[in-house]
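In: let me see the structure of the following:
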Amino acid sequence: MEKFKTQYDKNDIVKEKNSGEIITEQAGYIPSQIQIENMILAGQRLDNYRKEQFDLNDEDFDEFDVEMDPTRNGNYDLADAFKDQQKVSNSLKKQAADAAAKSEAASKEASGEKLPEAEKQD
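Out: Numbers count the residues shown, from 1 in each chain. From the prediction side, this is the model:
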C-alpha cells in the first residue's frame, strides 16, 4: 500500500543539471541611443521582408492610379455615404439606359428600319 503524500512527506524531485553555458544576454545597461538605432534597423528589415512578399516594386504601384477607400477618412459620415451611393446608382442607370438604346438601335438596324440621324450612335 502506498503512503499518502503530504507537505511534510514529498516526492524527491530530480533536479536538472546546469551545463554552465550562459545563453542569455549579460550586457546590462544598453544606452537608449543604441536601442533606438536597433529598433530603426529592425523596422527597416521588417519593411524589406514585407516588400519581398509582393511581385511588384514600389515604382510599379504608382502606375495603378488606385483611389483610397473614402471610408478610411475620419470625416466620412452617413451623408457622404448616401451621396456616393446615389452617384453610383445614377451612373449604373445611365449605363443601363445607354446599353438599352444601343441594343434597340442595333435591332432596328438589323431589321432594316431607317434610324433618324439623332438616334444613330457610333
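In: which element is Q44 on?
Out: Using DSSP states H and E, Q44 sits in helix 32-52.
In: now that helix: mean pLDDT?
Out: The predicted model assigns helix 32-52 a mean pLDDT of 93.
In: and if you look at stretch 88-97?
Out: Averaging pLDDT along stretch 88-97 yields 95.
In: and that stretch, what's buried?
Out: Across stretch 88-97, burial judged by 16 or more other CB atoms under 10 Å covers no residue at all. Every residue, glycine included, has its C-beta placed from N, CA and C.
In: what residues does it touch?
Out: By CB atoms under 8 Å, 6 or more residues apart in numbering, no residue outside stretch 88-97 reaches it.
In: and that stretch, how far from the chain's centre?
Out: Mean C-alpha position of stretch 88-97 versus that of the full chain (CA atoms, centre = their mean, to the nearest Å) differs by 30 Å.
In: just stretch 73-92 next, same as before
Out: 22 Å.
In: cool, stretch 69-79 as well?
Out: Relative to its chain's centre, stretch 69-79 lies at 18 Å (CA atoms, centre = their mean).
In: what does it rub up against?
Out: Applying CB under 8 Å, 6+ apart, the contact partners of stretch 69-79 are 80-81, 84.
In: now the end-to-end length of it.
Out: This stretch, stretch 69-79, spans 16 Å end to end (CA to CA, to the nearest Å).
In: D55 - how many residues pack around it?
Out: Using other CB atoms under 10 Å, D55 is surrounded by 5 other residues.
In: for it, give me its contacts.
Out: If a contact means CB under 8 Å, 6+ apart, then D55 has no contacts.
In: on the three-state scheme, it is what?
Out: Three-state assignment for D55 (DSSP: H, G, I helix; E, B strand; the rest coil): coil.
In: and the longest helix along the chain, how far out from the chain's middle?
Out: In terms of residue count, the longest helix belonging to the chain (DSSP state H) is helix 78-111. Taking CA atoms, centre = their mean, one finds the center of helix 78-111 at 32 Å from the center of the full chain.
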